[in-house]
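>>> got a sequence here, can you build the structure:
(one chain, ligands or ions: 2)
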Amino acid sequence: MDNLRVELGERSYDIIIRNGSLNDLGEIALRSGLKGAAAVVTNPLVKRLYGTRATNSLKKAGFKPFFITIPDGERYKNLKSLSVIFDELIAKRGERTTPIIALGGGVIGDLAGFAAATYLRGVPFVQVPTTLLSQVDSSVGGKTGVNHPRGKNLIGAFYQPRVVVIDPEVLKTLAPRELKAGFAEVAKYGVIWDEKFFSFLEEKVAEILTLGSSVTEAIRTSCEIKASVVGSDERESGLRAILNFGHTFGHAIEANAGYGRVKHGEAVAIGMCMAADMAESSGFCKKGVLSRIEGLLKAAGLPVVSKIRISPKDYLKALRIDKKVSAGRLRFVLPTRLGAVDIAEVSEAKITEFFRKKTERKR
Ligand code: NAD
Ligand code: GLY
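Ligands and ions are numbered 1, 2, ... in the order given. Next up, the predicted model:
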């Protein structure tokens, strides 16, 4: 199969999706114009599972790789870990040509990407995503950054990788809960862009979650959609905001639960249902969209309502610092039908009304 490409002029890059591609990492990095020392940023678990394969491949291609290992977990996606990466890069005399290779899930990818964007004002960056979520979403598109105690991803930069190397085989070691969390982002693409893809997911959900042959197709279609969106709006001045479908409520859930307690993908699953509910109850889309989204997510074993009780007041507090807030007005990505979304400004009064009706329906 041909490689996918994110078209961004001189910053265009390939997304390589192939079983076993991790073994060719060195060769791929070389072909992407990189050479010399290479910093492999990872965590202890991924290092133990795939560190040797990655560094052997890099060595074979003539690189001199060294590891920078950050503890595992969302709570380490912070400025302190960034400092650790800088300290190591300086100690190893990393130069402007020294690539940073992110080997891990979205936490490592976002953190290593931000380090690559800022160390010596920018060094080459390679994404080797190892979770489903990072393979279908975070490794593509150049959003990098860290969390602030008051909000997710509040500090960061747009910084595109030179190449993305996706090996679906590494998902075999991923915990089922992580696989499901990644599936939420896959489902997102069906809702925002492609009803046919949504139907494909409804049919193949069990096969995808047991890593049958459809998983590569699901990853590929997800990356294709993400590449199209990013290619036409890299810095989220318009269209790219649709990729945040479910994330506005999702981030509010993550912030209220405490980072790491609810997985990002789980929060997005609940957030997508809340957004579809809001769309239906405000007449933004016809009835039926929510039940199909809920059906697919439930079939994937994902939560569709928050187990953590969050008051409308706490939701609003978190929603107010969402990155889509413009001139103080809250903005949501809402489905107009399955396969299409639009951005809607929703007043705080309407949001409060939505929560009130939701509570009444539950009674
Ligand atoms: P993660 O990086 O924490 O990985 C989840 C767990 O899986 C970790 O414990 C990790 O060690 C483990 N793991 C990774 N690969 C493995 C493998 N192959 N086998 C076994 N275990 C493995 O979480 P995630 O879900 O990959 O990423 C979530 C992060 O991504 C969040 O911080 C979120 O904000 C960010 N994100 C960023 C973007 C973006 O565009 N930059 C998009 C979506 C999400
Ligand atoms: N995950 C949202 C984006 O990349 O824009």
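>>> burial count for the residue of the stretch 201-350 of the chain found nearest ligand 1?
At 4.5 Å from ligand 1, His264 is the closest residue in the stretch 201-350 of the chain, using Cβ to the nearest ligand atom. Just so you know, the C-beta spots here come from the backbone N, C-alpha and C atoms, and that holds for glycine as well. Neighbouring residues of His264 were enumerated by other Cβ atoms under 10 Å; the total is 26.
>>> what's the answer for Lys196, then?
Around Lys196 there are 11 residues (other Cβ under 10 Å).
>>> how about it: what's its closest non-neighbour residue?
Gly339 (7.7 Å; Cβ to Cβ, 6 or more residues apart in numbering).
>>> what's the neighbour count on that neighbour?
Neighbour count of Gly339, defined by other Cβ under 10 Å: 18.
>>> report the contact partners of it.
Shown in contact with Gly339 (Cβ atoms under 8 Å, 6 or more residues apart in numbering): Gly190, Val191, Ile192, Trp193, Asp194, Glu195, Lys196, Phe198.
>>> could you report the pLDDT at the closest residue to the fourth one other than its chain neighbours?
It stands for Trp193. Counting by Cβ to Cβ, 6+ apart, Trp193 lies nearest to Ile225, which is 4.8 Å off, once chain neighbours are set aside. Ile225 is assigned 98 on the pLDDT scale.
>>> now Lys324
67.
>>> ditto for Thr97
For Thr97, the predicted pLDDT is 97.
>>> ok, the closest residue to it other than its chain neighbours to ligand 2 distance?
Spatial nearest neighbour of Thr97, chain neighbours left out: Gly36 (5.9 Å); criterion: Cβ to Cβ, 6+ apart. Using Cβ to the nearest ligand atom, to the nearest Å, Gly36 is found at 30 Å from ligand 2.
>>> before we move on, what about Asp24?
Taking Cβ to the nearest ligand atom, one finds Asp24 at 26 Å from ligand 2.
>>> right, and the residue nearest to Thr97 touches Lys64 too?
Yes: in terms of Cβ atoms under 8 Å, Gly36 counts as a neighbour of Lys64; the distance is 6.6 Å.
>>> and the gap between the residue nearest to Trp193 and Gly142?
Distance, Ile225 to Gly142, by Cβ to Cβ, to the nearest Å: 16 Å.
>>> check Leu79 too.
In this view, Leu79 and Gly142 are 20 Å apart by Cβ to Cβ.
>>> neighbour count for these two, which is higher?
Gly142 (22 against 13).
>>> by mean pLDDT, point me to the weakest helix or strand of the chain.
For the chain, using mean pLDDT, DSSP states H and E, the weakest element among its helices and strands is helix 348-362, scoring a mean of 80.
>>> please enumerate the helices of the chain.
Taking DSSP state H, the helices of the chain run over residues 25-31, 44-46, 52-60, 79-91, 106-118, 132-133, 176-193, 195-209, 214-232, 247-257, 264-281, 289-299, 312-319, 348-362.
>>> give the other helices and strands that the third one contacts.
Pointing back at helix 52-60 there. For helix 52-60, the packing partners by 3 or more Cβ pairs under 8 Å, 6 or more residues apart in numbering; DSSP states H and E come out as helix 25-31, strand 37-42, strand 64-69, strand 100-104.
>>> now the shortest one
The criterion is 3+ Cβ pairs under 8 Å, 6+ apart, and the helices and strands that helix 132-133 contacts are helix 176-193.
>>> what sits closest to Thr55 if chain neighbours are left out?
Closest residue to Thr55 apart from its sequence neighbours, by Cβ to Cβ, 6+ apart: Pro65 at 4.5 Å.
>>> ok, now Thr130?
Val170 (4.8 Å).
>>> write out the residues of the chain neighbouring ligand 1.
Counting by Cβ under 6 Å from any ligand atom, the chain comes close to ligand 1 at 43, 45-46, 49, 72, 74, 77, 104-108, 110, 130-131, 133-134, 137-138, 141, 143, 152-153, 170, 173-174, 178, 181, 264.
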